[in-house]
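J.: Need coordinates for the below:
(one chain, ligands or ions: 1)
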Amino acid sequence: MAHDPIPELIARVYERHRDCDEGEVATYIPELCKADPDGFGICVVTADGRVYEVGDCDVPFTIQSISKPFVYGMALEDHGREEVLRRVGVEPTGEAFNSIVLDEATMRPFNPMVNAGAIATAALVGGASPPDRIARVLGRFGAAAGRELSIDQEVFASELATGHRNRAIAHLMLNFGMIPGDVDGILDLYFRQCSILVNCRDLATMAATLANVGTNPTTGQDVFRVDCVKDVLAVMFTCGMYDFSGEWAFRVGVPAKSGVAGGVLAVVNRQLGIGIWSPRLDARGNSVRGIRACVEIADELGLHAFDVMNYGSTFLRTLVRDP
Ligand code: GLN
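T.: As a prediction, this is how the structure comes out:
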C-alpha cells in the first residue's frame, strides 16, 4: 500500500486548532452573525478526485468573496482577456477588501478580488437577462462543486438591505464609465453570487477543479477553459487574501481566496484543492483558523510554489511511493 499522509495530517491540524477562539464572526452583514463561531471543517480533494475531510464539512455557509475568482473566470471566457483588462486591473491594492479606491490613471478597480473589482466583473457576466446571468453563475459553480447549489435568500436580502458601501463603490464606477448604467442589476448579481451556499467539501472540490486545469476531478466534467484558469490563479496568487496577500504568498505560496463567512479556498496547481471553514475572522476579514491550517498543511506537504520539495507533483508522487 502506498503511504498516504493526508488523513493523519488534516486530523492533527484540526485537533491543534479546534479550541482556538481568536477572531470575530462578521456582523456587518447582519445575517452572517448567526453562524456558529466554533464551526470548523477541513477538506482536501486531489486533482485525481480523492476526498479527505475532518470536522464540519457538511455545514452550509455563504461563499461570499470566494465567488470572485470564479465569476472572473466566467467574465474572461465571455469577453476575452483584453476586454476584461480594460475594466478591471490585476494589481494588488494593499488595502481592505471593501476599500473605495480606483486606479487614478485608468479609473479601473485594481483587481477582481476586492469588492470594487468584483462588482465590475459581475457586470461582465454574459447572459440574456439578470435571471439568466445568475442561473449561469449558479450552474457553473455547481459544476465546479459537483452538485446543484442554491442561494441563501436571507443573506442575499441582508446584503441588499445593508450593502450601502458596495452601492457607493458601484456608483463611483458608474461615474467613471467603468460599469454600464444598471447599477441595481449588477449589484443584484454581485450580492446573489456572494450568497451562494456551499460547504467545505464544495470549496475543496471547486479548488480541485482549478487545480485540475478546469475539469472537476470528481465528476469528470469540463467546467472552465484552461487559459482562463491560468489567469484566475495568477490573480488569486497576488490578490486573493486582500491586504494579507503578500504575507500569504510568502508563508503559504499557493493561489487562495477567502470569504467573510469564514471560508478559505486554496489551489495547489495540478495537485489538490483545499477548502476550510471557520467563521471567526481576523481584522482583515480572513478566517483565523483557515489561515493557520493552510500554513501548516502547506508546510508539511511542501506545497509552496517555491518549496524545494515541490517538483510540481510532489504530493501525487508521495501517494504512489512504496512504503
Ligand atoms: N458580500 C461581501 C461584501 O460585499 C463579500 C466580502 C467578502 O467576503 N470579503 O461585503
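J.: hey, let's count contacts and neighbours off CA atoms from now on
T.: Will do.
J.: Strands of the stretch 51-200 of the chain, residue ranges please.
T.: Counting by DSSP state E, counting those that start in this stretch, the stretch 51-200 of the chain has strands at residues 51-55, 61-62, 197-198.
J.: between the ones you listed, which one is nearest to the ligand?
T.: The ligand lies closest to strand 61-62 among those, at 8.9 Å (Cα to the nearest ligand atom).
J.: Adjacent strands (with direction) for the closest one?
T.: If you go by DSSP bridges, strand 61-62 pairs up with strand 197-198 (antiparallel).
J.: hmm, the partner strand touching the ligand?
T.: No - using Cα under 6 Å from any ligand atom, strand 197-198 stays clear of the ligand, with a minimum separation of 12.5 Å.
J.: Run through the residues of the stretch 151-300 of the chain sitting next to the ligand.
T.: Close to the ligand, as judged by Cα under 6 Å from any ligand atom, the stretch 151-300 of the chain has residues 191, 194, 259-260.
J.: out of the residues you listed, which is most surrounded?
T.: residue 260 (28 neighbours; other Cα atoms under 10 Å).
J.: Just give the number of residues close to the closest residue in space to that residue that isn't next to it in sequence.
T.: Excluding its sequence neighbours, the residue lying closest to residue 260 (Cα to Cα, 6 or more residues apart in numbering) is residue 285, at 5.8 Å. For residue 285, the count of nearby residues is 24 (other Cα under 10 Å).
J.: can you check residue 103 too?
T.: By other Cα under 10 Å, the residues close to residue 103 number 14.
J.: With residue 8 instead?
T.: Burial of residue 8 is recorded as 11 neighbouring residues (other Cα under 10 Å).
J.: again, but for residue 133
T.: Residue 133: 18 surrounding residues under other Cα under 10 Å.
J.: quick one: it and residue 123 touch, right?
T.: No - Residue 133 lies out of contact with residue 123 (Cα atoms under 8 Å); the separation is 9.8 Å.
J.: what residues are shared contacts of the two?
T.: Common contacts of residue 133 and residue 123 (Cα atoms under 8 Å, 6 or more residues apart in numbering): none found.
J.: List the contacts of residue 92.
T.: If a contact means Cα under 8 Å, 6+ apart, then residue 92 has 110-111, 238-239, 242, 245 as its contacts.
J.: what's the pLDDT at it?
T.: Among the per-residue scores, residue 92 shows a pLDDT of 93.
J.: What of residue 130?
T.: Predicted confidence (pLDDT) for residue 130: 89.
J.: Residue 308 now?
T.: Here, the pLDDT recorded for residue 308 equals 79.
J.: Now do the same contact list for it.
T.: So residue 308 contacts residue 302 (Cα under 8 Å, 6+ apart).
J.: Which residue does the stretch 101-250 of the chain have closest to the ligand?
T.: Using Cα to the nearest ligand atom, the single residue of the stretch 101-250 of the chain nearest to the ligand is residue 194, 5.1 Å away.
J.: got the contact list for that residue?
T.: Residue 194 neighbours (Cα under 8 Å, 6+ apart): 62-67, 156.
J.: hmm, 10 Å instead?
T.: Applying Cα atoms under 10 Å, 6 or more residues apart in numbering to residue 194 gives the contacts 62-68, 151-152, 155-156, 159, 259-261.
J.: ok and the residue in the stretch 1-150 of the chain nearest the ligand?
T.: Counting by Cα to the nearest ligand atom, the stretch 1-150 of the chain gets nearest the ligand through residue 65, at 3.6 Å.
J.: Against residue 225, how distant is the nearest residue to that residue once chain neighbours are set aside?
T.: Nearest non-adjacent residue to residue 65, counting by Cα to Cα, 6+ apart: residue 259, 4.4 Å away. Taking Cα to Cα, to the nearest Å as the measure, residue 259 falls 24 Å from residue 225.
J.: quick revisit: now, which of the residues of the stretch 151-300 of the chain next to the ligand lie within helices?
T.: 191, 194 (DSSP state H).
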